[in-house]
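Novice: Please work out how this folds:
(one chain, ligands or ions: 1)
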Amino acid sequence: MKTLININRLNLYYTQFHALKDVSLTIPEKAITAFIGPSGCGKSTLLRTLNRMNDMIPGTRIEGELLINGEDIYSSEVEVETLRRKIGMVFQQPNPFPKSIYDNVAYGPRLHGTTNKRELDEIVESSLKSAVLWNEVKDNLKRSALGLSGGQQQRLCIARAIAVNPDILLMDEATSALDPISTLKIEELAQELKDKYTIVMVTHNMHQAARVSHQTVFFLNGEVVEYAETEKLFSNPTDQRTEDYITGRFG
Ligand SMILES: Nc1ncnc2c1ncn2[C@@H]1O[C@H](COP(=O)(O)OP(=O)(O)OP(=O)(O)O)[C@@H](O)[C@H]1O
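Specialist: Prediction:
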């Protein structure tokens, strides 16, 4: 499997607080990588370094190297806007815009200069189909996105993210606010999307990581304790701390 993301000795500080400690990690292309670990261990922080969302938090300092496709995304030549266009993100709480379903999905393509109605129609349809939402909304595209259920809203947010054709999809506990059936739908959707996108997901739910991911990364106190193919990490972890965590002895 080809490596897409290469992280070398990454350290991140929130002012004085050392939140990521010497993190080294590779993330394979077109597969799902799950970040697990107890609350506050740095999962979301590392996820946010991948699209430079942490840049927006004052006092954040980063050392080390983070390569995507061989390019250091923290180099001064990288334009953050261009980088973020290639990296979609879905959050814990579905956050559709207070606009129609259609306008939510068309938002990114319009921002990037697509104005042709037929082209936009096609992008909206194909993105909603990819997000397995099309059949539920195709007759109501002009309705407000806020009228959808939580699970539908989250699939709409995924459609919105993929409408600009990113390389990477980041999911930060994207199912933790959803009911079990909606959660299952998003998990199934992630399985389908991984053939086209590299997915990195933070999850509180170890079973979810075990169910859907190819690779799992276990964090503790800002460090990566261990990362491995999911099957290996859950059946035969190398580190005692991983074993303690996955068997429920802490966290
Ligand atoms: N903006 C910030 N300023 C200062 N400290 C922060 C900031 N964001 C996060 N932290 C701290 O950094 C550490 C890692 O936080 P992070 O949100 O990455 O953990 P997490 O593993 O994703 O946790 P959770 O599972 O609870 O979301 C925590 O101790 C947190 O308090």
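Novice: For the chain, which segments count as strands?
Specialist: Ranges of strands within the chain are 3-14, 17-28, 32-36, 60-68, 71-72, 87-90, 168-172, 198-202, 215-220, 223-229, based on DSSP state E.
Novice: a markdown table for the ones you listed, including mean neighbour count?
Specialist: In short, each C-beta sits where N, CA and C put it, glycine included. Shown next, in a markdown table, are the strands of the chain (neighbours: other C-beta atoms under 10 Å):
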| stretch | mean neighbour count |
| --- | --- |
| strand 3-14 | 17 |
| strand 17-28 | 17 |
| strand 32-36 | 26 |
| strand 60-68 | 17 |
| strand 71-72 | 14 |
| strand 87-90 | 22 |
| strand 168-172 | 23 |
| strand 198-202 | 25 |
| strand 215-220 | 25 |
| strand 223-229 | 19 |
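Novice: Any chance of JSON lines for those, columns distance to residue 48?
Specialist: Listed next are the strands of the chain as JSON lines, based on distance: least, C-beta to C-beta, whole Å:
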{"stretch": "strand 3-14", "distance to residue 48": "9"}
{"stretch": "strand 17-28", "distance to residue 48": "10"}
{"stretch": "strand 32-36", "distance to residue 48": "11"}
{"stretch": "strand 60-68", "distance to residue 48": "9"}
{"stretch": "strand 71-72", "distance to residue 48": "17"}
{"stretch": "strand 87-90", "distance to residue 48": "9"}
{"stretch": "strand 168-172", "distance to residue 48": "8"}
{"stretch": "strand 198-202", "distance to residue 48": "10"}
{"stretch": "strand 215-220", "distance to residue 48": "14"}
{"stretch": "strand 223-229", "distance to residue 48": "16"}
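Novice: Serialize those strands to TSV and add fields for mean pLDDT.
Specialist: Below are the strands of the chain laid out as TSV (pLDDT from 0 to 100):
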stretch	mean pLDDT
strand 3-14	98
strand 17-28	98
strand 32-36	98
strand 60-68	97
strand 71-72	96
strand 87-90	96
strand 168-172	98
strand 198-202	98
strand 215-220	98
strand 223-229	98
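Novice: Distance to the ligand added to those strands, as TSV?
Specialist: Formatted as TSV, the strands of the chain follow (distance: least, C-beta to the nearest ligand atom, whole Å):
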stretch	distance to the ligand
strand 3-14	3
strand 17-28	4
strand 32-36	8
strand 60-68	7
strand 71-72	22
strand 87-90	14
strand 168-172	8
strand 198-202	6
strand 215-220	6
strand 223-229	11
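Novice: Out of the ones you listed, flag the one nearest residue 106.
Specialist: Nearest of the strands of the chain to residue 106, taken as C-beta to C-beta: strand 87-90 at 15.0 Å.
Novice: buried set for the worst-scoring helix or strand of the chain on mean pLDDT?
Specialist: When each helix and strand of the chain is scored by mean pLDDT, DSSP states H and E, helix 80-85 comes last, with a mean of 91. Buried residues in helix 80-85, defined by neighbour count with 16 or more other C-beta atoms under 10 Å: 83, 85.
Novice: For the protein, which residues are neighbours of the ligand?
Specialist: Neighbours of the ligand within the chain, by C-beta under 6 Å from any ligand atom: 14, 17, 19, 37, 39-45, 57, 202, 204.
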